[in-house]
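any chance you could fold what I've pasted below:
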Amino acid sequence: MATVFVTREIPESGLEKLRQAGHDVVVSEKDGVLTKSEFLASLAAHNPDAIISLLTDTIDADVLEAAPRVQIIANYAVGYNNISVEDAKAREIIVTNTPGVLTDTVAEHTIALMLAITSRIPEADRYTRTGEYKGWAPMLFLGTDLKGKTLGVLGAGRIGSRVAEIASKGLGMNIIYHDVKENEFLNSELHAQRKEAVEDVLRESDVVTVHVPLLDSTRHLLDEAMIRLMKPSAYLINSSRGPVIDEAALVAALQNREIKGAALDVFEHEPEMTPGLADLENVVITPHIASATEETRGKMSDMVAANVIAALAGNTPPNQV
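Here you go, the predicted structure:
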């Protein structure tokens, strides 16, 4: 019997699969992110053979050193920038993630953010709930049509491509994108145009949606200078990783109406937000819930379980990074 330590409660379906495979599952009892000292203490107490981690858990050399029996780190997320993969490789520890399963869910949430900010839905909802609505008026909460507008996609992977598809086929938007390589689906099916530079996407788009991984090269990809390239009428959507955007620069741009609005599911210093962001009416914010549906979170639980079961059996996990 192997011991699997789970850093935070996740849907039960995957945990039950681990138990059925004969493994002892230990779930952290803390209702929140483990501090580093708490994490190290848990590893010392349980000495697990596998760790199921979340994107909020930093898996560095110290953590790996404290878990000498660990064979696999199964990240309950698509991204794995929270894990020092090189340190894991040096210790012959497998790292896995959960790609593909949340593509449609995150794409749908991204479209929801886009519609919410351009139609001013949260703003209008607050206005109505507080009793300020006195009757129909021709200038009340004028929004922005999306049909015929240009959507700029930064990062044309699975999620970015799906967002582009929904926007093109469902909303009638024109698609431009920047990625390190051509996306033949976007080119042929959506008649999209690939731009060589991020700057070109920012200049030409009415809505910019961000879907790049968090790397050294993408941290603050959208800084003050980049944001200023956007149209004053443009909107910025981010459901990837918070540090891709310089949040202080974005707050200033929104305050000064240098862009029309933004919708964010992720933040640079989660769970904290840059002062002033939550006070703005021209921003929609959600608490990192783009993949938060019962169906998808359950599938993610099943996927991490499958990765752990395979690794502990001496097989190659289906989602090794």
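
would you mind writing the CA trace of the longest helix seen in the chain as CSV?
Taking DSSP state H as the criterion, the chain has its longest helix at helix 294-312. The C-alpha coordinates for helix 294-312 follow below in CSV (Å, rounded to 0.1, in the frame of the first residue of the first chain):
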residue,chain,number,x,y,z
GLU,A,294,-18.9,20.1,-11.3
GLU,A,295,-18.2,18.1,-14.4
THR,A,296,-14.7,19.5,-15.1
ARG,A,297,-13.4,19.5,-11.5
GLY,A,298,-14.6,15.9,-11.2
LYS,A,299,-12.8,14.9,-14.4
MET,A,300,-9.6,16.6,-13.1
SER,A,301,-9.8,14.5,-9.9
ASP,A,302,-10.2,11.4,-12.0
MET,A,303,-7.2,12.4,-14.1
VAL,A,304,-4.8,13.0,-11.2
ALA,A,305,-5.8,9.7,-9.8
ALA,A,306,-5.1,7.9,-13.1
ASN,A,307,-1.7,9.6,-13.2
VAL,A,308,-0.8,8.5,-9.7
ILE,A,309,-2.1,4.9,-10.1
ALA,A,310,0.0,4.5,-13.2
ALA,A,311,3.1,5.9,-11.7
LEU,A,312,2.9,3.9,-8.5
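
can you name every helix or strand that that helix contacts?
With contacts taken as 3 or more C-beta pairs under 8 Å, 6 or more residues apart in numbering; DSSP states H and E, helix 294-312 sits against helix 12-20, strand 50-53, strand 72-75, strand 94-96. For the C-beta atoms, the positions are set from N, CA and C on the backbone; glycine is no exception.

do you know which of these lies nearest Asp104?
Closest approach to Asp104 among the helices and strands packed on helix 294-312 (C-beta to C-beta): helix 12-20, 18.8 Å.

could you list the buried residues of that closest one?
14-15, 17-18 (16 or more other C-beta atoms under 10 Å).

reformat the residues you listed into TSV and put pLDDT next to each item.
Shown next, in TSV, are these (pLDDT from 0 to 100):
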residue	pLDDT
Gly14	97
Leu15	98
Lys17	98
Leu18	98
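
a markdown table for the residues you listed, including distance to Pro243?
Shown next, in a markdown table, are those (distance: C-beta to C-beta, whole Å):
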| residue | distance to Pro243 |
| --- | --- |
| Gly14 | 28 |
| Leu15 | 31 |
| Lys17 | 34 |
| Leu18 | 32 |
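
what sits against the residue nearest to Glu182 when sequence neighbours are not counted?
Nearest residue to Glu182, sequence neighbours excluded (C-beta to C-beta, 6 or more residues apart in numbering): Arg194, at 5.6 Å. Arg194 is in contact with 156, 176-179, 182-183, 186-187, counting by C-beta atoms under 8 Å, 6 or more residues apart in numbering.

closest to Gly135 among the residues you listed?
Distance to Gly135 across the contacts of Arg194 (C-beta to C-beta) is lowest for Ile176, with 40.9 Å.

and the closest one, which of the three is it?
Following DSSP: H, G, I helix; E, B strand; the rest coil, we place Ile176 in the strand state.

what about it, how many residues nearby?
19 (other C-beta atoms under 10 Å).

partners of it in the sheet?
For Ile176, the beta-bridge partners under DSSP bridges are Gly152, Gln193.

tell me if I'm right that Thr105 and Ala290 touch.
Yes. Using C-beta atoms under 8 Å, Thr105 makes contact with Ala290 at a distance of 7.0 Å.
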